[in-house]
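Chemist: fold the following for me, if possible:
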Amino acid sequence: MMWMLWLLLLVWGGYALWGQRWRIAPLLDPPEPDLPPARVFAVVPARNEANELPRTLPALLQQAHRDLVVVLVNDHSDDGTADLARRLAADINASDRLVVINAPALPAQWTGKVWAQQQGAERARAFGAEWIWFTDADIRHDSHVLARLLATGHCRQRDLVSVMARLRCHTAFEKLLIPAFTYFFAGLYSFPAIGNDASAAAGAAGGCMLLRVSTLDRIGGMAAIRDAVIDDVALARACKSVGARLWLGYDPGVNSTRGYTTLADIWNMVARSAYTQLGYSPLALLGCLLGLAVVFLVPTAGIVFGSGELRLLSVLTYVAMVRTYSPMVAYLGCTPAWALGLPLSATLYAGMTASSAWRHHVGAGAAWKGRSYGPAVNQHEHSPSNSCTMRSHSGAERE
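Modeler: Numbering: from 1, shown residues only. Take a look at the predicted model:
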């Protein structure tokens, strides 16, 4: 136990002092006044999003960048999503910026969100788009977000620019679990490595992805990831495989409006795709659960049950752990005390991951909004090393 704690202290201490993944960086570049003109089509898949659109669509339609068209793809909604979108645009005199199309019936071997994105991308390409801005119906963008995305793409010569949205943290369970959600994602998918052209690392956050149409054409369109449940990372990998240059970071102007108010809401969100991240591998699941227990629970046990040097080592390890977590807690608007709960958050995520595996083995599979995706879908996308707990607020939790 003593040797294990010394090792954990060295790992957590080194991570706290020199690690980069827990820092809120990089950030989008500020808008550039002299950028060349760019024709952008925003593509918004929307399946029964009448509750979210009043909080998000007007902001999207009112982006400061002038040459923007928003294509809302109505994915067989039965709550009036399409009509509401048209009314919202008319209310702010932005009907000329909005195109509403209906997604055709979902073909076999396509996931719902990717199929809707494909319809929007085809419309954008037909009208001469240079960039496609893939975003979601529950993401609210400040008025200069698109200008900052374009500035980052142009100044850094990037082909795919993506932003990890700030997730909502209003309820107690959201404050306990949502910052950990993003913290784990950033730890698993190194943002600096993703932006390094010499690295094979690839990742994106599906709530906000600006992609060059020429790059989309090079990978063969959205058909290249048609069966991906975790579509954003799949898209990033497909792009990097053809030499595209990626950027993934943060911007406080990109905010999710969707709430996960109870433990059950968050549990179901994570459990429906966590085992997909592990490649449906029982061995990877076991390694993941053991890793979480050692990294997060051993220091906690040392504080509670240890004494003397063992307790001291445990306290120092816990302090280093909380130090790396505190910036994310603050970024998402939570009080600093919530950072103390990271071991509990990790334990709950371990439970969600085990639950995801159980659902798979009893035949439940990944499911969302009335559609289910079994292991036959998404086989090309993930290896066991990619993740051990959860998904970003991006692709998997919305189809």
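Chemist: need the helix or strand of the chain with the lowest average pLDDT.
Modeler: Sorting the helices and strands of the chain by mean pLDDT, DSSP states H and E puts strand 366-368 at the bottom, at a mean of 56.
Chemist: what segments of the stretch 1-150 of the chain are helices?
Modeler: 2-18, 53-61, 81-91, 112-126, 145-155 (DSSP state H, counting those that start in this stretch).
Chemist: CA atoms only for the first one, dumped as CSV, please.
Modeler: Meaning helix 2-18. Provided in CSV are the C-alpha atoms of helix 2-18 (Å, rounded to 0.1, in the frame of the first residue of the first chain):
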residue,chain,number,x,y,z
MET,A,2,2.8,2.4,0.9
TRP,A,3,4.6,1.8,-2.4
MET,A,4,1.4,2.2,-4.3
LEU,A,5,0.8,5.5,-2.6
TRP,A,6,4.3,6.8,-3.4
LEU,A,7,3.7,5.9,-7.0
LEU,A,8,0.3,7.6,-7.1
LEU,A,9,1.8,10.7,-5.5
LEU,A,10,4.5,10.9,-8.1
VAL,A,11,1.9,10.4,-10.9
TRP,A,12,-0.6,12.9,-9.6
GLY,A,13,2.0,15.4,-8.4
GLY,A,14,3.7,15.3,-11.8
TYR,A,15,0.4,15.7,-13.5
ALA,A,16,-0.5,18.7,-11.3
LEU,A,17,2.8,20.4,-11.9
TRP,A,18,3.5,19.7,-15.6
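Chemist: what about N93, neighbour count?
Modeler: By other C-beta atoms under 10 Å, the residues close to N93 number 10. (Glycine included, C-beta is placed from N, CA and C.)
Chemist: closest one to K175 among the helices of the stretch 1-150 of the chain?
Modeler: helix 53-61 (20.4 Å; C-beta to C-beta).
Chemist: that closest one - what's its average pLDDT?
Modeler: For helix 53-61, mean pLDDT is 98.
Chemist: same thing with stretch 111-123?
Modeler: Rounded mean pLDDT across stretch 111-123 is 97.
Chemist: what sits against A223?
Modeler: The neighbours of A223, taking C-beta atoms under 8 Å, 6 or more residues apart in numbering as the test, are Q118.
Chemist: please read the previous query as pertaining to A25.
Modeler: 191, 249-250.
Chemist: quick one: the strands in this protein?
Modeler: Counting by DSSP state E, the chain has strands at residues 40-46, 68-74, 98-102, 131-135, 139-141, 160-166, 208-212, 246-256, 366-368, 371-373.
Chemist: which secondary structure elements does the fifth one contact?
Modeler: Contacts of strand 139-141 with other secondary structure elements, assessed using 3 or more C-beta pairs under 8 Å, 6 or more residues apart in numbering; DSSP states H and E, are made with helix 53-61, strand 246-256.
Chemist: the ones you listed: which one's closest to A200?
Modeler: With C-beta to C-beta as the yardstick, what comes closest out of the helices and strands packed on strand 139-141 is strand 246-256 (11.1 Å).
Chemist: who are the packing partners of the closest one?
Modeler: strand 139-141, helix 145-155, strand 160-166, helix 191-194, helix 231-241.
Chemist: if we can go back for a sec, A165: which of the contacts of A25 is nearest?
Modeler: Distances from A165 to the contacts of A25, taken by C-beta to C-beta, are shortest for Y250, at 9.0 Å.
Chemist: from R212, how far off is that closest one?
Modeler: The gap separating Y250 from R212 is 21 Å, by C-beta to C-beta, to the nearest Å.
Chemist: ok so, going back, let's have the helices and strands packed on strand 246-256 in TSV, adding mean neighbour count and mean pLDDT.
Modeler: Shown next, in TSV, are the helices and strands packed on strand 246-256 (neighbours: other C-beta atoms under 10 Å; pLDDT from 0 to 100):
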stretch	mean neighbour count	mean pLDDT
strand 139-141	24	98
helix 145-155	23	97
strand 160-166	27	98
helix 191-194	20	96
helix 231-241	25	96
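Chemist: these: which one's closest to C334?
Modeler: strand 160-166 (11.2 Å).
Chemist: report the contact partners of the residue nearest to V213 when sequence neighbours are not counted.
Modeler: Once flanking residues are discounted, V213 sits nearest to A129: 5.4 Å by C-beta to C-beta, 6 or more residues apart in numbering. The contact partners of A129, taken as C-beta under 8 Å, 6+ apart, are 39-41, 69, 213.
Chemist: next: A350.
Modeler: By C-beta under 8 Å, 6+ apart, the neighbours of A350 are 288-289, 292-293, 389.
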